[in-house]
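Engineer: with the sequence up front, the predicted model follows.
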Amino acid sequence: MLLVWALAREVRTLEAVSAALASGESQADIFRRHQVWRSRVNCVNAALRRHPHGYWAALLSRLCQLDYVVKGRKSAAGNVWAELEQVLLSVCGINTVSPSVT
């Protein structure tokens with residue numbers, strides 16, 4: 001599914017940019033190296049502020065598993081589209097997991 005590939009590509013960029021920023025590199029140099037267009041700088045900065053560095057690596061792993069399901073290499077308990085929706089909402093900072101009521 002092309003959508004999973006495109007999302008994974010963006011997440012790889014965010015993970016690399018986040019790691020470079022954490023190491024103290026200049027944001028302008030990082031964005032130039034990772035080809036973050038000037039028109040996308042605000043969007044990328046907003047995503048990076050929304051989540052800590054480790055989040056992007058974990059999300060990339062989740063997308064890898066989703067890609068396996070899409071390609072039929074792994075079975076899934078749920079719906080692929082529902083999982084993709086959860087991933088996209090997570091990137092937006094929306095927690096869809098309800099807290100348990102005791």
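Structural biologist: Sure thing, it's come through. Residues are numbered from 1 along each chain as shown.

Engineer: the helix or strand harbouring A47: how far from the chain's middle?
Structural biologist: Assessed by DSSP states H and E, A47 sits inside helix 41-50. Mean-position distance between helix 41-50 and its chain equals 12 Å (C-alpha atoms, centre = their mean, to the nearest Å).

Engineer: give the buried residues for it.
Structural biologist: Using 16 or more other C-beta atoms under 10 Å as the test for burial, helix 41-50 gives V44, A47, L48. To be clear about C-beta, it is placed using only N, CA and C from the backbone, and glycine gets the same treatment.

Engineer: now render those residues as a markdown table, adding distance to A57 and pLDDT.
Structural biologist: What follows is those, written out as a markdown table (distance: C-beta to C-beta, whole Å; pLDDT from 0 to 100):
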| residue | distance to A57 | pLDDT |
| --- | --- | --- |
| V44 | 17 | 96 |
| A47 | 14 | 94 |
| L48 | 13 | 96 |
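
Engineer: check which helices and strands the helix holding A47 sits against.
Structural biologist: Applying 3 or more C-beta pairs under 8 Å, 6 or more residues apart in numbering; DSSP states H and E, we find helix 41-50 packed against helix 2-22.

Engineer: and the helix it packs on, what's its mean pLDDT?
Structural biologist: Mean pLDDT, helix 2-22: 95.

Engineer: got a list of contacts for the next helix or strand along the chain from it?
Structural biologist: Later in the chain than helix 2-22, the nearest helix or strand by DSSP H and E is helix 27-33. Helix 27-33 is touched from outside by V17, A20, L21, V36, V41, V44, with contacts defined as C-beta atoms under 8 Å, 6 or more residues apart in numbering.

Engineer: ok, the residues you listed vs N79, which is closest?
Structural biologist: Checking these against N79 by C-beta to C-beta gives V44 as the nearest, at 29.7 Å.

Engineer: in this structure, what helix or strand scores lowest on average pLDDT?
Structural biologist: The helix or strand of the chain with the poorest confidence is helix 80-91; it has a mean of 87 (mean pLDDT, DSSP states H and E).

Engineer: fine, thanks again, bye for now.
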